[in-house]
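Asker: Sequence plus predicted model, see below.
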Amino acid sequence: MGEMTYIRAIRQALIEEMDKDEKVFMLGENIRGCAFEHTSGLVDQFGLDRVLDTPLSETAIAGAGIGSAIMGYRPVVDFMFADFMYVASDEILLKSAQWRFIQGGKVNVPVVFLAAAGGYQMNCNEHSRIQTSLFLHHPGIKVVVPATPYDAKGLLKTAIRDDNPVVFLWHKMLMSESGEVPEAEYSIPLGEADIKREGTDITVVANSYMTQLALQAAEELDGKIGVEVVDLRSLEPLDMDTVLQSLEKTERLVVVDEDTERCGFAGELAAQVIDKGFDLLDAPIKRVCARNYPIPGGYMEEHVLPNTKMIQAAIEEVMA
């Protein structure tokens, strides 16, 4: 067991899967130039045929990846920023997500759409979104949002091996976060949440960078309120069993999500809790999400995105 940063864990997962299976390859914008560290050295190790720089056409990149997947390869399509995936929404949402259904289950589409997501770096609206709800509205596509180096590596390996399209969103604010990552082979099943902190008074369900903010809020309240933090790790498939098991103990729930509150994932999770576990609740559910505005540039970003104080206030309100 050694220490590794989040972005290095992603890189290591790519290396191991490309080394294991020659049908795994990468394509995307500036991946040879390495806009982020996760593609550093890959072209030297695997060659130009398996690490492909593409023109700046997200639709073409996604289409090439989907076509390759249908033909038996396992492409990792790197969009650099998740915001750029809007341009390729037809290919991702109408082609990759639906093709297996259209073909009666006879065709697999094992493609991973990889991108840096999220705000908190004052990069303005077109480089700061984590639009998970957009993908969750479309059946047939899986959505992965890791919060730690260990999870990032294990989940990416599983995503690459999956026979279905997977949107894998890694958060820019977590790039330099370090954590223990086993040297031995491992993978993490999609659809298994992880309890990052145990508590008895209230459950906070989060994902991606929001998990770290939730843990910070829980630490601030330590000694006053016992906060259990459930990190979902993937939003589709969704592990409702772990959420409900936690609520059997705490009876109170706060859902934290960086996407917008209106029509966002947090509302869906709250609705499922009400449908499946209403009798477990001893207080109303509270959501902490981005406000329903475009993400502004500079310091104004902090007035739109969730923060630790907002999570702490929500916890205290539910406990009141």
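Answerer: Now that the structure is in, tell me what you want to look at.
Asker: all strands of this protein, in order?
Answerer: Applying DSSP state E to the chain gives strands spanning 2-5, 24-28, 51-53, 74-81, 112-117, 142-144, 166-171, 178-181, 194-197, 202-206, 227-231, 234-236, 253-260, 286-290.
Asker: so what does the fifth one touch, helix or strand wise?
Answerer: The one in question is strand 112-117. Secondary-structure packing of strand 112-117 (3 or more Cβ pairs under 8 Å, 6 or more residues apart in numbering; DSSP states H and E): strand 74-81, helix 149-161, strand 166-171. Backbone N, C-alpha and C define where each C-beta goes, glycine included.
Asker: In PDB, list the C-alpha atoms belonging to the second one.
Answerer: This points to helix 149-161. Coordinates of each C-alpha in helix 149-161 appear next as PDB, following Å, rounded to 0.1, in the frame of the first residue of the first chain:
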ATOM      1  CA  PRO A 149      -7.300   8.200  -5.300                       C
ATOM      2  CA  TYR A 150      -8.200   4.600  -4.200                       C
ATOM      3  CA  ASP A 151     -11.700   5.000  -5.700                       C
ATOM      4  CA  ALA A 152     -10.600   6.700  -8.800                       C
ATOM      5  CA  LYS A 153      -8.200   3.900  -9.800                       C
ATOM      6  CA  GLY A 154     -10.500   1.000  -8.900                       C
ATOM      7  CA  LEU A 155     -13.600   2.500 -10.500                       C
ATOM      8  CA  LEU A 156     -11.800   3.500 -13.700                       C
ATOM      9  CA  LYS A 157     -10.500   0.000 -14.200                       C
ATOM     10  CA  THR A 158     -14.000  -1.400 -13.700                       C
ATOM     11  CA  ALA A 159     -15.400   1.300 -16.100                       C
ATOM     12  CA  ILE A 160     -12.900   0.300 -18.900                       C
ATOM     13  CA  ARG A 161     -13.900  -3.400 -18.500                       C
END
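Asker: Give me the contact list for it.
Answerer: Residues outside helix 149-161 that contact it (Cβ atoms under 8 Å, 6 or more residues apart in numbering): 4-6, 8-10, 12-14, 16-17, 24, 74, 76, 110, 112, 114, 142, 144, 146, 166, 168, 170, 174, 177-182, 186-190, 194, 231, 233-234.
Asker: mind checking how far that helix is from the chain centre?
Answerer: Offset of helix 149-161 from its chain centre (Cα atoms, centre = their mean, to the nearest Å): 11 Å.
Asker: Next, the angle strand 227-231 makes with that helix.
Answerer: Here helix 149-161 runs at an angle of 30 degrees relative to strand 227-231 (axes from the mean of the first three to the mean of the last three Cα atoms, to 10 degrees).
Asker: Can you give me the buried ones in helix 149-161?
Answerer: Neighbour counts over helix 149-161 (16 or more other Cβ atoms under 10 Å) mark 149-161 as buried.
Asker: Now render those residues as a markdown table, adding distance to Pro306.
Answerer: Below are the buried residues of helix 149-161 laid out as a markdown table (distance: Cβ to Cβ, whole Å):
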| residue | distance to Pro306 |
| --- | --- |
| Pro149 | 22 |
| Tyr150 | 23 |
| Asp151 | 20 |
| Ala152 | 21 |
| Lys153 | 26 |
| Gly154 | 26 |
| Leu155 | 22 |
| Leu156 | 25 |
| Lys157 | 29 |
| Thr158 | 27 |
| Ala159 | 26 |
| Ile160 | 30 |
| Arg161 | 32 |
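Asker: can I see the domain layout of the chain?
Answerer: 2-181, 194-319 (automatic domain parsing).
Asker: So what would you say the end-to-end distance of the last one is?
Answerer: Read that as domain 194-319. 23 Å (Cα to Cα, to the nearest Å).
Asker: Make residue 1 into 14 and carry on from there
Answerer: Shifting the count to begin at 14 puts that one at domain 207-332.
Asker: so for it, what's the average pLDDT?
Answerer: The average of the pLDDT scores along domain 207-332 is 96.
Asker: Return the distance of that domain from the chain's centre.
Answerer: Relative to its chain's centre, domain 207-332 lies at 15 Å (Cα atoms, centre = their mean).
Asker: again with stretch 161-172
Answerer: Remark: stretch 161-172 is offset 10 Å from the chain centroid, using Cα atoms, centre = their mean.
Asker: For the closest residue to Asn177 other than its chain neighbours, grab the count of nearby residues.
Answerer: Leaving out its chain neighbours, the residue that sits closest to Asn177 by Cβ to Cβ, 6 or more residues apart in numbering is Lys155, at 5.9 Å. Residues within reach of Lys155, counting by other Cβ atoms under 10 Å, total 22.
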